[in-house]
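> coords please:
(2 chains)
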Amino acid sequence: MTSRRTWLPNWLTSEHPLPWLFPVTSLLLVFGLYPVLYSLWLSFFKRNPATRIEKFEPSWNWSKLLADDRVWDAVQVTFTYAGIALFLQLALGMAIALLLDSDKRGFGVLRALMTLPLVVPPAVTGMMFLLMYDSSFGVISNSLYALNILSPENPILGTGSTALWGVIVADVWQWTPFMVLIMLAGLRALPREPFEAASIDGASSFQSFIFLTLPMMSKIIALAVLIRGIDLFRIYDYVKVMTDSGPGTATETLTAYAGTVYFKSANFPYASAVALATLLLVLVTSTIFIKLFKVRF
Amino acid sequence: MSFKGHQKQNFIIDSANAFTAGRMSKRDFLKNLGVAGVGISAYSAGLLGTSRPFFGNVAHAAENTTPQEVADFLRDAGKPFAGTTIRYTSEATPPTNILNELKGEFTELTGINVEIEIVPLEQVLAKATQDVQGQLGTYDIYYLDQAWTSTFSFDTIDPVEYYNSNPDLAMPGFDFDDFSQPLVEGICLYNDKWIGLPFDIPIFTFMYRKDILEKHGIEIPRTYDEFTAAVELISAEEAENNIYGTGLQAKSGHYSLECDWSQAVWGHGGSIFGADKNFSGNDAEGVAGLEWYMNLLENSPAASVTSTWDGQWQMGASGQIAMCQSWAEFFPGWNADDSQVKGLWEMAKPLEGPATLRSRDAVGFGEIPNWGHQGGSSIALSRYSKNQDAAWLFLQWACSKDIMTRCTLAGGFAPMRNSSYVDPRILARKDLEGSGTTRHLDTVKWTIDNAMASEPDLPIWAGVANNEIPTELGKLLTGQDYDGNAQKCMDQIAKLVDAVVDEADLG
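Numbering: from 1, shown residues only, chains lettered A, B, ... in the order given. Here you go, the predicted structure:
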């Protein structure tokens, strides 16, 4: 052991952090950084879709992106989708977590059951909801028809005004349990003393929630919002499986549009620019959020 | 004939119970759902991955009839490649499905293994695009929709040239001249080069339910005007029975919608491109075509806007529609033995529009306006394949007279080769009403030979036909944009398409 140390350079010994960090850092560089840099490089080329010749014109795709109405529509859809889904998941997640925050018998099982939707692949969830929305026999569609909320003439996923809601519901079903788990972890870690003191002072449950639970949970809520928010910005599976961005572009998010440009039009440089714009949007939005809500990791 | 609500629900429940209890195969379960009209949106959009409808019976072609000299050739020529695996990716076309069942015969003769990846059409395009972009050679054979012929024209090897320059690998009696000439021109040729071999020919004909037309005293429509009147009448009279005059494949953003739309434009004397190579769908004829289509949509099942060809087929199979101007390959499935509408559908020549067809001199990019939209495909040898010779043997086998005829026997779809139409086995099934019928093939052949329409040939067409056109049409048809104004929608498409054409320096 001693002799080995004498001839090995210091940065290769187990005392040095490099050997420990090297494997995972290399993976990050190869599978994380390289694709981003390659996409950036690719986005500086103008591709002729007929000849497939790519010419270095750094501003071409970025100017095109700024002038592309579909990009701006997709930004709007992305924000709408992420905003509504996040709000619903947060509100439902907190409400369910409060209901499940109990040591009574059976609640542990209920908490465990909450994880079930999370193990279903999103594409499968999309297909399940396709069935439930089906205008012939779908349980959701037929319930809404029975309540006169919708009519069979306007299929949920085939109507511009309802398609996005249809996709959001699938997302909310799958990811609300994630919020529940995070909120539950936070709730169960809260100290009991402030609540006992508030109770002695005559505070109602609602007051305790507003003035104690929420402030004490704010960091956890912010973190949960950040994680889910980033995830929601890169939504692809549900849209692809359930609506393929339609009808028209009613459910076309930025990632879905990048997919369309890539797979249907084979314009790889422009698709890279759209994908990078999504990344940029996520970075800017999350940075503002982190600053605004002082999120600490 | 139509399912009433409770009948349909019971049928679905019984099928589901049988499936979950293991008494019914997945395929039969899906078929029953289709028959019950289930999932026109759901299955077409996702579960079946917008598969082409196929309810053939491989048993009809089970007998190995490979000519002795072909079998001997394959045994000898295949020896050096024994153990090689060739791959190709394809849509679930009827011939691909059958080929997938028969490929064992090829492997037995040559020792060459064949892997066929069957995926939805849009994924075939994505995979082929990736492969040619990186010149990867992952796939030895490409399945090419006619809309992509020019797009992939750089990436394939001319089969005629390969045949002539490799006499040791030339299958005896292969006979290129036996391929239907209109199909070769419409599907395979680009700038006088054969891009691939003709493989599949879905083509628009007119199909109708004779019982419903008789019930309402309607003569078989021959023109767009007669068809429109009949559609409106049936939709109004049969509303209680949930039967519509027609159904469409109008899924927003999908190629199927582009196919429907282009037929509507051609039928009204319009074209996709003018002779100046500018988009011309926004001229008076083009707009008239779209307005006519919008009227049809109002008289179609609501699920039309979420349906591709699969959904449209299911509408016919479930008894939901009375007439249909669409792919002839729907017909065999509607006449399958277990079909709820067996024997009720008939086929006629494609409808004729209210205007004279635009001449080929007045259109751009080799477009062929006519009454019967073709959606054919070819299979082509990849320039980047690392197993070109082995793949070439498979291509010849797959497109040989014997195999192509057997594919038709099993699936009932139109053959590529003239000899198949007069094959005694095909002729023997002309009088059949149920499964395996070939009574529609004369009409299909007439349409191919006399009224076949083809989309323009330009390398960017795959993108435009799958993205810009059907997406904007989808916005109009679902009320997302354009306030129901066809002209506005067409003007916007013109702007988008012309920009793409200019960007590609093709204008």
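> Tell me the secondary structure at the residue nearest the centre of chain A.
Using CA atoms, centre = their mean, the residue of chain A that lies closest to the mean C-alpha position is residue A:231, 1.8 Å off. Using DSSP: H, G, I helix; E, B strand; the rest coil, the structure places residue A:231 in helix.
> can you check residue B:208 too?
Applying three-state DSSP: residue B:208 is strand.
> Could you check the pLDDT of the residue nearest to the centre of chain A?
For residue A:231, the model assigns a pLDDT of 93.
> Against chain B, how distant is it?
22 Å (CB to the nearest CB, to the nearest Å). Any C-beta I mention is one placed from the backbone N, CA and C, and that applies to glycine too.
> For the nearest residue to that residue once chain neighbours are set aside, list the residues it contacts.
Nearest residue to residue A:231 in three dimensions, chain neighbours excluded: residue A:175, at 7.7 Å (CB to CB, 6 or more residues apart in numbering or on different chains). For residue A:175, the contact set (CB atoms under 8 Å, 6 or more residues apart in numbering or on different chains) comprises A:85, A:89, A:117, A:118, A:228, A:231.
> Show me the contact partners of stretch B:154-168.
Under the criterion CB under 8 Å, 6+ apart, residues A:52, B:77, B:132, B:142, B:144, B:169-170, B:174, B:176, B:193-197, B:380-384, B:388-389, B:392, B:395-396 lie in contact with stretch B:154-168.
> The same query, at a cut-off of 7 Å, please.
Residues from elsewhere that reach stretch B:154-168 (CB atoms under 7 Å, 6 or more residues apart in numbering or on different chains): B:77, B:132, B:142, B:170, B:174, B:176, B:193-197, B:380-383, B:392, B:395.
> And for stretch B:414-425?
B:178-180, B:183, B:198-199, B:201, B:203, B:328, B:401, B:404-405, B:408-409, B:426, B:441, B:444-445, B:448.
> Among those, name the ones in helices.
B:183, B:401, B:404, B:405, B:408, B:409, B:426, B:441, B:444, B:445, B:448 (DSSP state H).
> and the fifth one, what is it in contact with?
For residue B:408, the residues meeting the contact criterion (CB under 7 Å, 6+ apart) are B:415, B:420, B:426.
> 10 Å instead, please
Residues counted as contacts of residue B:408 (CB atoms under 10 Å, 6 or more residues apart in numbering or on different chains) are B:56, B:60-61, B:94-95, B:98, B:332, B:414-417, B:420-421, B:423, B:425-426, B:429, B:436, B:438, B:441.
> What of the third one?
If a contact means CB under 10 Å, 6+ apart, then residue B:404 has B:95, B:98-99, B:178-179, B:197-199, B:398, B:415-417, B:419-420, B:423 as its contacts.
> helices and strands of the chain: which one bottoms out on pLDDT?
Using chain A here. helix A:2-7 (a mean of 60; mean pLDDT, DSSP states H and E).
> that's the wrong chain, I meant chain B
helix B:42 (a mean of 33).
> Torsion angles phi and psi at the residue positioned nearest the centre of chain B?
In chain B, the centroid-proximal residue (CA atoms, centre = their mean) is residue B:202; its distance is 3.8 Å. Backbone torsions for residue B:202, taken as degrees, to the nearest 10, come to phi -70, psi 130.
> And the one 3 residues further on, by the same measure?
For residue B:205, the backbone dihedrals (degrees, to the nearest 10) come out as phi -130, psi -180.
> Could you report the distance from the closest residue to it other than its chain neighbours to chain A?
Leaving aside its sequence neighbours, residue B:205 sits nearest to residue B:328 (CB to CB, 6+ apart; 4.5 Å). According to CB to the nearest CB, residue B:328 stands 26 Å off from chain A.
> Residue B:204 is in contact with residue B:328, correct?
Yes: taking contacts as CB atoms under 10 Å, residue B:328 lies within contact range of residue B:204: 7.4 Å.
> picking that back up, quick one: average pLDDT of the helix or strand just after the least confident helix or strand of chain B?
With elements assigned by DSSP states H and E, the helix or strand that comes after helix B:42 is helix B:68-78. Helix B:68-78 comes out with an average pLDDT of 94.
> Number of residues surrounding residue B:301?
Using other CB atoms under 10 Å in any protein chain shown, residue B:301 is surrounded by 30 other residues.
> secondary structure element for the residue in the stretch 151-300 of chain B positioned nearest to chain A?
Distance from chain A to each residue of the stretch 151-300 of chain B (CB to the nearest CB) is smallest for residue B:252, at 3.5 Å. Residue B:252 belongs to no helix or strand when assigned by DSSP H and E.
> my guess is it contacts residue B:467, does it?
No: if you go by CB under 10 Å, residue B:252 and residue B:467 don't touch, sitting 11.3 Å apart.
> Of these two, which one has the most company?
The neighbour comparison of residue B:252 against residue B:467 (other CB under 10 Å) goes to residue B:252, with 29 against 23.
> for the more buried one, phi and psi?
When read as degrees, to the nearest 10, the backbone of residue B:252 gives phi -60, psi 130.
> I'd say residue A:138 and residue A:156 touch.
Yes: counting by CB under 10 Å, residue A:156 is a contact partner of residue A:138 at 8.2 Å.
> Those two: which is more packed in?
Taking other CB under 10 Å, residue A:138 and residue A:156 do not tie; residue A:156 has more neighbours (27 against 23).
> what's the more buried one in contact with, if anything?
By CB under 10 Å, 6+ apart, the contact set of residue A:156 is A:129-130, A:132-135, A:138, A:140-141, A:144, A:150, A:162-163, A:165-167, A:169, A:242-243, B:41, B:306.
> Could you check how many residues crowd around residue 198?
Answering for chain A, as no chain was given. 16.
> actually chain B
Neighbour tally, residue B:198, other CB under 10 Å: 25.
> and if you look at residue B:113?
Residue B:113: 18 surrounding residues under other CB under 10 Å.
> Kindly report the same for the one 4 residues further on.
Taking other CB under 10 Å as the criterion, the count of residues near residue B:117 is 14.
> what about it, distance to residue B:298?
Note on residue B:117: its distance to residue B:298, by CB to CB, to the nearest Å, is 40 Å.
> One more: residue B:387?
From residue B:387 across to residue B:298, the span is 52 Å (CB to CB).
> Residue B:465 now?
Applying CB to CB, the value for residue B:465 to residue B:298 is 25 Å.
> Could you do residue A:282 as well?
In terms of CB to CB, residue A:282 sits 42 Å off from residue B:298.
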